[in-house]
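**Student:** Make a model of this:
(chains A and B)
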Amino acid sequence: MDTATVRIVEPDGEVAAGAPAPPPVAELLAGYRAMVLARRLNEQAGALVRQGRLAVYPSSRGQEACQVAAAAVLAERDWLFPTYRDTAAVVARGVDPVEVLTLLRGDWHCGYDPLAHRVAPQATPLATQLLHAVGVGHAARLKGDDDVVMALCGDGATSEGDFHEACNFAAVLGAPVVFLVQNNKYAISVPLARQTAAPSLAAKAVGYGMPGVLVDGNDLAALTVVLGEAVRRARDGGGPTLVEADTYRMDAHTNADDAGRYRGEDEVAGWALRDPLLRLRAHLVARGALTEQLQAEYAAAAEALAARTRDGVTRGGGVDPEEMFAHVYATPTAQLAEQRALLRTELELEGS
Amino acid sequence: MTGARKLTMAQAINTALRDALTADRSVVVFGEDVGPLGGVFRVTDGLTRDFGEQRCFDTPLAESGIVGLAVGMAMNGLRPVVEMQFDAFAYPAFEQVVSHVAKFANRTRGRVRLPLVIRIPYAGGIGGVEHHSDSSEAYYAHTPGLTVLAPATNADAYALLRAAIELPDPVVFLEPKKHYFLAEEVDVLAPAPPIGRAVVRRAGRDATLIAYGPSVPVALAAAERAATDGRDVGVVDLRSIVPFDDDTVCAEVRRTGRAVVVAEAPGFASVASEVVARVTERCFHHLEAPVRRVTGFDVPYPPPELEGYYLPGTDRILDVVDDLQWDAT
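**Tutor:** Sure thing, here's the model as predicted:
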């Protein structure tokens, strides 16, 4: 198995020697625009945490190429299975950012309609959602649909049993799933060397009998090609692919984390030089595709997204305490009806 | 018109699966050894042959994978019915059951309901070696979002499984494995009882035994023996642990003033404990004696040579019935 890293655009914006053909320039421009928006969303969400408007925000700053490419390679009928760190990917898929941040604002566990968007709720347990992704894909095949499922997880999640079971089930069933592991080097504080002794995470694919591809996770062009190929393969009945994206979590795990306790500034500074936005910008500017005017347009779109996010999160969706009882069962049990009535009485007394 | 015939519980469940597969194209059955073998208890016998590998199939040997797969398939419009091979072998799936199966509808504000059924052969009395005889109902009953059913008769096994498969919410379906090969009359055309409704199996004036699953026939046998001693003891079969039928249970206990809950699981922090609490809270002024429990001991399920000492039997039940403060009245 070839576990050499697939790279198309080097950190300085030059095309890598012997690289596969890059995607069309229009696609790269759209991807760059989406990354500018994703970066701004990461920054805005971080600010909302500092202002006390969000309970917590696991940032994907530095991983925007993965976030954008994961959504961009999917057709509308395809499915995305994100984790808690994949807010930007969900937004890139077209879900309203305020609905996405409902989870982290604390109004409800999932603020969007997963079926309408074909985006699963952001998973906070690790790797459990990968099995759901396989189930959605297998069901699609049984129904005769050619939908593909993009299942996201991080490097830490590959140590979980459900990662193994999902890869194995997908390969045995031939399910149309693309597993994208964003190897951002840390599971909160624990480095990759403590998760695995494998030569790479992509190499694990061998044990499942599926293709494994290691790709530069900060290279949107390479990600688009690799993930696009995996999606096509899955759609054509070729089964699952395991893609490992070599990337880096530039921010701490969340605002509650102190990354200075487990990694050095030098390491972070080194990865800053491999930033996915800087790299694609240099490439597109050198090709004459990314004009000053386009850059200004993208910046304005990013500001508009930030403003909409800020206003929506600040305004809040409002909570209804009785909603706790509303969805547990399609038909509430007598016991839940009783408990709901009790809470209502308490609320009425408070209000009177 | 009647569809009555003699069926074992395994055959009754097999018939329910067949009828559901026939009635609804979205029903799929999968698990370990459920394909050509027909399951270790033969509950899925012939389903792959008759409905094809797409409708009834073997999976890799991984319970979390089976339940996680079912979650995704239910999200995408199918109605999976999965088999956990034995009660204690369902534990690897626990996180999927508790964190996802149970919570998905709530998490998504009712937008994604999971119409799936997890069938679990459960409880003891078959001389099974370690890890083959657990009564695991309390784990599931404690988890909001799950419907937990435990049929005691073959007719209920058929009717409740059909209802469970049609329910929009996930169901943990506990099959008392010692009943698998006992034949009873089953009328598949009989109207199905609604999920969440207990049934009075035997009316009694003096005391009420409350049981479910494999403890129901034991309670009925105890009531029969009590009758020869001149005590008129009734039996309520819960059938559904969640939702719990307070009305039927409490109506009986209010009539008799005495109640004993019978269950195989260890009694500490158990479903039996919950029943005692509910009955005591609701029937206190009608009670002539404390509500008692006859349950398994608080020990790991014993090896086959010892299970006779562990399982609640008619002697132990009658001893407790005798102890219900009869002299005071």
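**Student:** Can you pull the residues of the stretch 1-150 of chain B lying near chain A?
**Tutor:** B:28, B:54, B:59-60, B:62, B:64-65, B:67-78, B:80, B:92, B:95-96, B:99-100, B:103-113, B:144-145, B:147 (CB under 8 Å from any CB of the partner chain). Where C-beta positions appear, they are placed from N, C-alpha and C, glycine not excepted.
**Student:** Filter those down to just the ones in helices.
**Tutor:** Using DSSP state H, the subset of those located in helices is B:64-65, B:67-75, B:95, B:104-107.
**Student:** These: which two are farthest apart?
**Tutor:** B:Gly65 and B:Asn106 (23.5 Å; CB to CB).
**Student:** Between those two, which is the more surrounded one?
**Tutor:** B:Gly65 (28 against 22; other CB atoms under 10 Å in any protein chain shown).
**Student:** Wait, that one touches A:Asn168, no?
**Tutor:** Yes: in this structure B:Gly65 lies within contact range of A:Asn168 using CB atoms under 8 Å: 7.1 Å.
**Student:** wait, B:Val81 sits on B:Leu17?
**Tutor:** Yes: between B:Val81 and B:Leu17 there is a contact at 6.6 Å, judged by CB under 8 Å.
**Student:** okay, now A:Arg340: neighbour count?
**Tutor:** Count around A:Arg340 with other CB under 10 Å applied: 17.
**Student:** Also B:Asp319?
**Tutor:** B:Asp319 is surrounded by 11 other residues when neighbours are defined as other CB under 10 Å.
**Student:** Where does it sit, in terms of helix or strand?
**Tutor:** Under the criterion of DSSP states H and E, B:Asp319 resides in helix B:314-322.
**Student:** from what I can see B:Leu69 touches A:His138, true?
**Tutor:** Yes: applying CB under 8 Å, one finds B:Leu69 in contact with A:His138, separated by 6.6 Å.
**Student:** Among those two, which residue is more densely surrounded?
**Tutor:** Using other CB under 10 Å, the more surrounded residue of B:Leu69 and A:His138 is B:Leu69, with 34 against 27.
**Student:** Show me the shaky parts of chain A.
**Tutor:** A:1-3 (pLDDT under 70).
**Student:** how about the nearest residue to residue 302, chain neighbours excluded?
**Tutor:** With no chain named, the answer covers chain A. A:Arg40 (3.7 Å; CB to CB, 6 or more residues apart in numbering or on different chains).
**Student:** hmm, I had chain B in mind actually
**Tutor:** Here the residue nearest B:Pro302, using CB to CB, 6+ apart, is B:Tyr310, at 4.8 Å.
**Student:** Any idea how many residues pack against that neighbour?
**Tutor:** For B:Tyr310, the neighbour count with other CB under 10 Å is 20.
**Student:** got a list of what it touches?
**Tutor:** B:124, B:296-297, B:299, B:301-302 (CB atoms under 8 Å, 6 or more residues apart in numbering or on different chains).
**Student:** quick one: contacts for A:Val313?
**Tutor:** Counting by CB under 8 Å, 6+ apart, A:Val313 has contacts A:48, A:53-54, A:98, A:101, A:105.
**Student:** and what of A:Gly318?
**Tutor:** A:Asp107.
**Student:** tell me which element it is part of?
**Tutor:** With DSSP H and E as criterion, A:Gly318 is part of no helix or strand.
**Student:** measure stretch B:120-134 end to end?
**Tutor:** The first and last residues of stretch B:120-134 sit 10 Å apart, counting by CA to CA, to the nearest Å.
**Student:** circling back: please identify every residue contacting each of B:Val81 and B:Leu17.
**Tutor:** Shared contacts of B:Val81 and B:Leu17 (CB under 8 Å, 6+ apart): B:Val29.
**Student:** Could you pull out the helices in the stretch 151-300 of chain B for me?
**Tutor:** B:154-166, B:215-228, B:246-256, B:271-283 (DSSP state H, counting those that start in this stretch).
**Student:** And A:Cys153, its phi and psi?
**Tutor:** phi -160, psi 170 (degrees, to the nearest 10).
**Student:** cool, A:Leu152 as well?
**Tutor:** According to degrees, to the nearest 10, A:Leu152 has phi -100, psi 140.
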